[in-house]
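Asks: Got a predicted structure plus its sequence, pasted below:
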Amino acid sequence: MKVIQANCRIQFTPGDIDFIASVLGKKPTDAQYLTSLLTDENSRDTILDDESLFRAVTEYPGCLRVSDHLYFYVIVRRVLRRTGIDGRSVADYVAEVLCEFSRIERTRCILPGRAEPIHYLFEMIAALESADERTSFYIRTHIGNHSLFWSGVFPEHIRHRAESRGGPGMKYYEALGQTHFRAASDHRLAERYALGPVLATLAEHFQAARLALNDAAQRIFSIGDPELPLELQLQA
């Protein structure tokens with residue numbers, strides 16, 4: 001039962017640092033200087049906001065050899081800023097959600113004492129009734145993350161299911177995400193994980209964050225034909 005945290009930026013690899021230096025360094029001697037700057041938090045964050053780095057990540061002509069953490073952070077930071085969500089910790093958290101949820105096993109809600117993971121949102125909500133304090137916090141953040149991931153990255157699949165099968169629509173995911181991010185932000189454990197302000201921002205600006213991810217998904221991610229089955233099936 002892992003709580004996702006806003007720690008994407010501290011998981012960059014040596015290869016990520018080399019890539020950043022190769023993009024932003026104008027002379028061979030710049031690489032060492034940039035590497036040194038990237039060890040300083042304030043300098044690192046300024047460097048990561050560089051327009052050239054965003055273009056390099058999104059327009060690289062070959063196989064991009066960077067970690068998911070760098071890739072998602074640079075993109076998420078850019079699209080969130082365009083919608084007015086300027087906090088770097090929020091971008092860090094959302095990027096880490098994308099990193100985690102890009103693996104099928106992390107989209108599932110795994111609770112202590114249960115042999116099988118919970119797949120459906122209504123089951124997660126029901127599980128809150130008997131959950132202890134830590135499990136309750138985990139479930140609420142998972143519901144918020146789940147709602148943001150699917151409505152942000154796969155909006156057309158949600159619309160298709162709603163129209164063709166009577167599944168829950170976008171408003172359902174937005175309401176659920178807002179409600180549970182807000183409840184999680186007020187939870188005592190939010191302070192322990194340094195997530196209170198991040199979760200509160202996502203609760204207040206859930207739709208804006210969702211639309212920012214829609215923009216990223218349309219321009220960058222390949223999400224396929226809504227008529228085709230997904231490897232990751234929407235669970236509601």
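Replies: On my side now, so go ahead.
Asks: how about the helices of the protein, start to end?
Replies: Secondary structure of the chain (DSSP state H): helices at 14-24, 30-37, 41-48, 51-59, 68-82, 88-101, 121-127, 133-153, 155-165, 170-185, 188-192, 196-204, 206-219.
Asks: any low-confidence regions in this structure?
Replies: By pLDDT under 70, the low-scoring segments of the chain are 27-31, 104-106, 115, 219-236.
Asks: Mind doing that once more with 80?
Replies: Applying pLDDT under 80 to the chain flags residues 1, 25-36, 39, 60-63, 103-110, 112-119, 218-236.
Asks: can you give me how far stretch 141-155 is from the chain middle?
Replies: 8 Å (C-alpha atoms, centre = their mean, to the nearest Å).
Asks: Would you check that residue 194 makes contact with residue 7?
Replies: No - counting by C-beta atoms under 8 Å, residue 194 stays clear of residue 7, with 9.3 Å between them. Heads up, the C-betas are built off the backbone N, CA and C, glycines and all.
Asks: re earlier: and of the helices of the chain, who's closest to residue 107?
Replies: Among these, helix 88-101 comes nearest to residue 107, with 5.3 Å by C-beta to C-beta.
Asks: and the closest one, how far out from the chain's middle?
Replies: 4 Å.
Asks: Taking helix 133-153 as reference, get the angle to it.
Replies: 90 degrees (axes from the mean of the first three to the mean of the last three C-alpha atoms, to 10 degrees).
Asks: For residue 97, give its distance to residue 202.
Replies: The gap separating residue 97 from residue 202 is 10 Å, by C-beta to C-beta, to the nearest Å.
Asks: Over to residue 43?
Replies: 27 Å.
Asks: And the two? Which one has more around it.
Replies: residue 202 (31 against 13; other C-beta atoms under 10 Å).
Asks: Next up, the contacts around the nearest residue to the more buried one once chain neighbours are set aside.
Replies: Excluding its sequence neighbours, the residue lying closest to residue 202 (C-beta to C-beta, 6 or more residues apart in numbering) is residue 181, at 4.7 Å. Counting by C-beta atoms under 8 Å, 6 or more residues apart in numbering, residue 181 makes contact with 140, 141, 144, 199, 200, 202, 203, 206.
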